[in-house]
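> Kindly generate the corresponding structure for this input.
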Amino acid sequence: LGTRSGTAQNFKITSAAMDFLVTDERLTGAETVGAPEILLSQAGANSPVAATRITASKFAARFDAVGNLSQVSGAPKVRVVSPAPAQNGNPQPDRVSTSDSIVANFGPKGGMSGVVQEGNFTFTSGTLRAFAQSARYQPDREHVVIEGSPRMEDVGTLTTADTFILNRSSGQLLAEGHVK
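Purely as a prediction, here's the structure:
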C-alpha cells in the first residue's frame, strides 16, 4: 500500500504479499497475506519521534471513490507499540496496547480521523496497566478514551470508573463516573 502522508502522520503497511480488490476498474480494497506491520510516523523527515508499530494477524484496507485510503482494520491479535515523549528530559517507557481488533479511519484529505481498539483491550506504560472492553483514540485531541468496565492499576492501586481519558501528550489520566 506504500506510504500515505496525511496532515500529521505518514502511514506505511508492509506484508509478505497483498491481495488488491478492484471493482469497475477502481481500487476498492486490499488485504495482507503473511505477517503484516503498520508504521505510523510523524510527517517530516527530521521528526525526533520514533514510529508507532501496529501488528495483527491480518489487515484489510478500504479505499474511497477517488482511490484514497479511507479505513484500515486488523484482527486478531492486535498489538500497538507507541513511543512515549520524554518528561522533564527523562525518557519514558513505550506505551503498549493489545486488543482483539482495531479499526483506523482516515479523512478524505489524508490524516487519521480516529482509531478504535475493541475486545479485551489492555494498555501498559511502565507500572500503569489498564484493562477494558474498548478504547478510542482521538488524534485531534491526542486523547485515548477507555470504556467498557475499565480498570487501572498502578503500583498496587486499583481504580475503576465508567470512563478513563488518557492525554497522550501530557500523560494526564482522568477518571469519570462512579470513580472508586
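
> so what's the backbone phi/psi at the residue nearest to the spatial centre of the chain?
Nearest to the geometric centre of the chain sits Val115, at 5.6 Å (C-alpha atoms, centre = their mean). For Val115, the backbone dihedrals (degrees, to the nearest 10) come out as phi -140, psi 140.

> With Gly110 instead?
Here the main-chain torsion angles of Gly110 (degrees, to the nearest 10) amount to phi 100, psi 170.

> pretty sure it is touching Asp64, no?
No: at 11.4 Å, Gly110 and Asp64 do not qualify as touching, with contact defined as C-beta atoms under 8 Å. Placement of C-beta: from N, CA and C, glycine included.

> In terms of packing, which of these two has more residues around it?
Between Gly110 and Asp64, counting by other C-beta atoms under 10 Å, Gly110 is the more crowded of the two (18 against 14).

> And the more buried one, how close does it get to Asn68?
7 Å (C-beta to C-beta, to the nearest Å).

> Could you do Thr157 as well?
Counting by C-beta to C-beta - Thr157 and Asn68 are separated by 45 Å.

> Kindly report the same for Thr163.
For Thr163 relative to Asn68 (C-beta to C-beta), the value is 32 Å.

> got it, and Ile54?
For Ile54, the distance to Asn68 - C-beta to C-beta - is 20 Å.

> what do you get for Gln9?
Separation of Gln9 from Asn68 (C-beta to C-beta) stands at 15 Å.

> what about those two, which has more around it?
More neighbours surround Gln9 than the other of Gln9 and Asn68, with 20 against 14 (other C-beta under 10 Å).

> Now do the same contact list for the more buried one.
Leu40, Ser41, Gln42, Ala43, Gly111, Met112, Pro139 (C-beta atoms under 8 Å, 6 or more residues apart in numbering).

> Which PyMOL command selects the buried ones in those?
Selection of buried members from the contacts of Gln9 for PyMOL, criterion 16 or more other C-beta atoms under 10 Å:
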select buried, resi 40+41+111+112+139
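
> now the contacts of Gln9 in CSV, with distance to Ala17?
Listed next are those as CSV, based on distance: C-beta to C-beta, whole Å:
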residue, distance to Ala17
Leu40, 22
Ser41, 23
Gln42, 28
Ala43, 28
Gly111, 28
Met112, 25
Pro139, 30
